[in-house]
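In: Give me a 3D structure for the following:
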Amino acid sequence: MTIEVRVPNLPESVTDATLVEWHKSPGDFVSRDENLVDLETAKVLLDLPAPADGVLTEILVENGALVEAGDLLARLDTDAKAVATAKAAQPSGADGAAVAPVVEGAGGGVDSSATPPQAPPAADPSLLKKLPPAVKRLVSEHRLDPAQIPASGRGGRLTKGDVLAYIKEQAAAGVAPVAGGNAPATPANVERGERRERMSRIRAHIADRLVEAQHTAAILTTFNEVDMQPIMDLRAKYKDKFAEKHGVRLGMMSFFIRAATVALREWPMVNASIDGDQIVYHDYYDIGVAVGTDRGLVVPVLRDADLLSFAEIESGIVDFAKRAQKGQLGLEELMGGTFSITNGGVYGSLLSTPIINPPQSGILGMHGIQERPVARSGEVVIRPMMYVALSYDHRLVDGKEAVSFLVTMKQRLEDPARLMLDV
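Out: So this is what the prediction gives:
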């Protein structure tokens, strides 16, 4: 029997999706619930599982096409039996795992003076063109052929860790990949190239939202700084017991989320939003936590964050981070936040002015912890300090409220016992 594979019903408010990549080719046997293809909406990456066991007989829509709910994508023959077929479209690594396709113009060969068994050949430009940006950059910098690197990612995708492990193995074997200042001069007969690729739907959506925020809101940013010594002392004292009891590490973010909910309760305008000519006050605290991925920034939402324990907050953040990297977050998990927090400090940022996430009226920016001289009781001492920034919609939030919000957070963070006791 032939079964049609169609685009499923998309989440509410999503009208179409981009077909990112087929994981199977015509003639391949597939098992029920095995992922056939990735569909990318403006917010999430969706898997489309096989509806039954069978052989994929026909693919009707190619990678990169725009599709809508109900569109016919492929046909599956459930009467065909599994056979061992060569997958020419997806070459395998030494361990049999499918490896990621080569991006045209991104790879290139290695120095021809290297010994043939160790040096990878020039990348085949005819292979599929889909590598995550971080992986693509690393492969390009080291002039590697992705087809030679065993892949361990979901669906046989090449990850940054795979590339780094390959570089380390090559170095240990005496074949140092070419990179950076050690690269030989470009031959005179080789032209320097450029590449163009279409924005992912997620990246395009981020761009639209940021421009919308700049055009529709009166964004202003106020700053303060926090002495992180009390939190660091508390974490050092209890982190092992906390991890042993709750099975999760006690991080910094749970303190900031808890302090934010306290400050939002005291200064509710920062937790409100504008709807036409009305102000919508939210009596709940759904905190969006920005997570960076290879496909762009996503902001999953911790619902009722004020009711969560420190362990529940930390577990939620770890879960979000893991699933965000795999593209497994649901659309409903990315919608409806009342306030957001972004931590540029994990990338080394010392100070920034984050952009609010409409229709929210505020976003907190965390930054790197840096030892600085500060005055305490008439003496100069060294303390681990963090700059914090609150960007807010000045149409709704006055300067007094914004500054007071940060002062309230500062007071709680520098006396974390108040967060624990809710006083």
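In: Can you show me the helices along the protein?
Out: Listed in chain order, the helices of the chain (DSSP state H) span 133-141, 160-172, 201-216, 229-246, 253-266, 310-325, 399-413, 416-421.
In: Report all helices and strands that the third one contacts.
Out: Using 3 or more CB pairs under 8 Å, 6 or more residues apart in numbering; DSSP states H and E as the contact criterion, the elements in contact with helix 201-216 are strand 296-298. Just so you know, the C-beta spots here come from the backbone N, C-alpha and C atoms, and that holds for glycine as well.
In: Pull up the pairing partners for the strand it packs on, direction included.
Out: Here strand 296-298 is paired, per DSSP bridges, with strand 291-293 (antiparallel).
In: and the partner strand, average pLDDT?
Out: Throughout strand 291-293, pLDDT has a mean value of 86.
In: who touches that strand?
Out: Strand 291-293 is contacted from outside by 297-300, 320-321, 324-325, 327, 347, using CB atoms under 8 Å, 6 or more residues apart in numbering.
In: tell me which helix or strand of this protein sits lowest on mean pLDDT?
Out: helix 133-141 (a mean of 69; mean pLDDT, DSSP states H and E).
In: How much space separates L413 from T57?
Out: 60 Å (CB to CB, to the nearest Å).
In: and those two? which has more neighbours close in?
Out: L413 (24 against 15; other CB atoms under 10 Å).
In: Does the more buried one touch I231 like I think?
Out: Yes. Using CB atoms under 8 Å, L413 makes contact with I231 at a distance of 6.4 Å.
In: Can you check which residues contact both of those two?
Out: Shared contacts of L413 and I231, defined by CB under 8 Å, 6+ apart, comprise F255.
In: quick revisit: from the contacts of strand 291-293, which two are the most distant?
Out: The most widely separated members of the contacts of strand 291-293, counting by CB to CB, are G327 and Y347 (20.9 Å).
In: more crowded one of these two?
Out: Using other CB under 10 Å as the criterion, G327 and Y347 rank with G327 on top: 20 against 10.
In: L350 reaches M385, doesn't it?
Out: No. The pair L350 / M385 is not scored as a contact, 10.2 Å apart, by CB under 8 Å.
In: Burial check on A69, number of neighbours?
Out: Per other CB under 10 Å, the neighbour tally for A69 reads 13.
In: nope, E312 is what I was after
Out: Per other CB under 10 Å, the neighbour tally for E312 reads 15.
In: Let me know the pLDDT of K87.
Out: pLDDT, K87: 42.
In: in the sheet, who's paired with D393?
Out: So, taking DSSP bridges as the rule, D393 has I219 as bridge partners.
In: Please report the number of neighbouring residues for it.
Out: For D393, using other CB under 10 Å, the count is 25.
In: That one: what's it in contact with?
Out: So D393 contacts 217-219, 274, 356, 361-362 (CB under 8 Å, 6+ apart).
In: looking at the helices of the chain, which is closest to P8?
Out: Proximity to P8, assessed across the helices of the chain by CB to CB, is greatest for helix 201-216 (16.5 Å).
In: Any buried residues in the closest one, and which?
Out: By neighbour count on 16 or more other CB atoms under 10 Å, the buried set for helix 201-216 is 201-203, 205-206, 209, 213.
In: what sits up against that helix?
Out: Outside helix 201-216, the residues that reach it (CB under 8 Å, 6+ apart) are 17-18, 40-45, 199, 219, 295-298, 355-358.
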